[in-house]
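>>> A structural model of the following input is requested.
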Amino acid sequence: MGPTLLAFALAAAAWVLVVSDLIRRHRPAWHWYVAGYPVTACRVVFTWRRVALLNDLSVSRLPARTLVGHLLVKGDPVRPVAPRISFPRATRMGLTVVVRLHAGQSPAIYMKAADALAHAWKVHVVRVTSPERGFVLLTAMASDPLEGPGLASAPTELLSALIGALETGGAWVMNLRLVPHWLIAGATRSGKSTLLARLITQLAPQPVALVGIDCKGGMELGLFAGRLSALATCRRETAAVLSALVVDMQDRMGSCRTAGVRSIWELPDKLRPVPVVVIVDELAELYLSDGTRESKTEAEQCSTLLLRLAQLGAALGIHLVVAGQRVGSDLGPGVTALRAQLGGRICHRVNDPGTAEMALGDLNKDAVAVAQAITAEERGVAVCTGPDGGWSRARSHLTPTEEAVSTARKHAAMTPDLPALGRALAALEGDDK
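This is a model prediction of the structure:
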């Protein structure tokens, strides 16, 4: 009987291991809730005091210098007290812990200790944020959710695009109805062009007009010319296209005023003009000048027109998606003014701290530090803002150029005709001749 029971126990253990491995691979969230979270939560609770002590998060109740009679005695602080923490709360692929800060502490020391916390708790990473004064939120991720983000279902709402996956496990969606204008910063080979290709792929099947501005001769956006209602490949053409868009925007204002509404979305379907998404690749090319008077005039004109579209276009169905390798205040005050109107922010790996500060600094300083920590190997990873004003790490879905070009050609017949933009570009060609 003994050998039979032993064999049965071994078979049962092997079966449990096999089933556990299958669940871990095919249903990682289930495996985390059943096995991963309880173990990690216990590890957090039982190691917290020691981890806090070793990383200078604990504070002594007695000072390092004590007056005994008439003598000043110096020594090591005694009875270090770790900050109070909440019980770890499970998330889809991690857990969160709220820490009550000691008097005089700041979230900065917890950000420095984030790597030590990740090693002590045996998790992939620990993110540190401060939801309110006097508290920090430690978010531990059991694995890297951005290593292989899965495809979620595509959004069905107009002007919404499924870009990729958030570090929290949710879908990364750019909704231009909620956040009408976006700024995208990223160095070469950081994933910026891939994100723009993904955005065009998602918007191409929708009844919207896409306008491209690519002052690198159309090297990037020219691939999608079949789905673009207009494409400007130099600053002179850009000024003409933007001027035509401003005139169209004024016509839309007149239509709304006549109908007694405050946006085109309140107009009847038959009277509503087609939404326009203006995609600008390499913003710096519009602002840099070679010193000539003509060049300065064109740069100032483009800056003014972009700012007008950003200030007034949201309610009139005109949206801006502005991208650039370098977005700094050194490009001029026009860039800073435009940045203030672009509520959506995406920052990939950048080559200079000023660009990360320009993209995220006015929203959240913690996001700037996280964006600067993105490595060259993490292509497509970015820090993005959400409609609620928060931020998160995210990774865009890899969309091959061939797929993006094929999608644009497939839906070329849906390209709306914007006569004013065509006339503006035709007039330039006539002047050149």
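>>> list of residues touching stretch 308-319?
159, 176, 180-181, 242, 245-246, 248-249, 252-253, 256, 262-265, 272-278, 320, 338, 341-342 (Cβ atoms under 8 Å, 6 or more residues apart in numbering). To be clear about C-beta, it is placed using only N, CA and C from the backbone, and glycine gets the same treatment.
>>> need the three-state assignment for L271.
Secondary structure for L271, judged by DSSP: H, G, I helix; E, B strand; the rest coil, is coil.
>>> what about the helices in this structure?
Using DSSP state H, the helices of the chain run over 2-26, 28-31, 37-54, 107-112, 114-121, 192-203, 235-259, 284-287, 293-312, 333-341, 353-360, 365-372, 401-410, 419-432.
>>> quick check on the contacts of stretch 308-319: which are buried?
Neighbour counting by 16 or more other Cβ atoms under 10 Å classes 159, 176, 180-181, 242, 245-246, 248-249, 252, 256, 264, 272-273, 275-278, 320, 338, 341-342 among these as buried.
>>> domains of this protein?
Split into domains by automatic domain parsing, the chain comes to 42-141, 160-432.
>>> mind putting those domains into TSV with mean pLDDT?
Below are those laid out as TSV (pLDDT from 0 to 100):
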stretch	mean pLDDT
domain 42-141	83
domain 160-432	89
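>>> I'd like the distance from stretch 208-216 to the chain centre, please.
When distances are taken as Cα atoms, centre = their mean, to the nearest Å, stretch 208-216 is centred 21 Å away from the chain's centroid.
>>> same question, stretch 240-250
Centroid displacement of stretch 240-250 relative to its chain, using Cα atoms, centre = their mean, is 29 Å.
>>> list the contacts of that stretch.
211, 213, 230, 232, 273, 276, 278, 301-302, 305-306, 308-309, 312-313, 316, 318, 418, 420-421, 423-425, 427-428.
>>> show me the beta-bridge partners of the nearest residue to A114 once chain neighbours are set aside.
Leaving aside its chain neighbours, A114 sits nearest to V126 (4.6 Å; criterion: Cβ to Cβ, 6 or more residues apart in numbering). Under DSSP bridges, the beta-bridge partners of V126 are A140.
>>> residues near V126, how many?
For V126, the tally of surrounding residues (other Cβ atoms under 10 Å) stands at 22.
>>> could you do L288 as well?
With other Cβ under 10 Å as criterion, L288 counts 15.
>>> and V45, by the same measure?
V45 has 13 neighbours, counted by other Cβ under 10 Å.
>>> that one and L95 touch, don't they?
No: using Cβ atoms under 8 Å, V45 is not in contact with L95; the gap is 10.9 Å.
>>> any shared contact partners between those two?
Common neighbours of V45 and L95 are listed as P88 (criterion: Cβ under 8 Å, 6+ apart).
>>> tell me how far the residue nearest to A114 lies from V39.
For V126, the distance to V39 (Cβ to Cβ, to the nearest Å) stands at 16 Å.
>>> over to V211?
From V211 to V39 the distance is 53 Å (Cβ to Cβ).
>>> and those two? Which one has more around it.
More crowded of V211 and V39, by other Cβ under 10 Å: V211, with 23 against 11.
>>> just list whatever residues bridge to the more buried one.
Residues in beta-bridge contact with V211 (DSSP bridges): A230, V278.
>>> so it sits against V277, correct?
Yes: judged on Cβ under 8 Å, V211 makes contact with V277 at a distance of 7.1 Å.
>>> I'd like to know how many residues surround A197.
A total of 24 residues lie near A197 under the criterion other Cβ under 10 Å.
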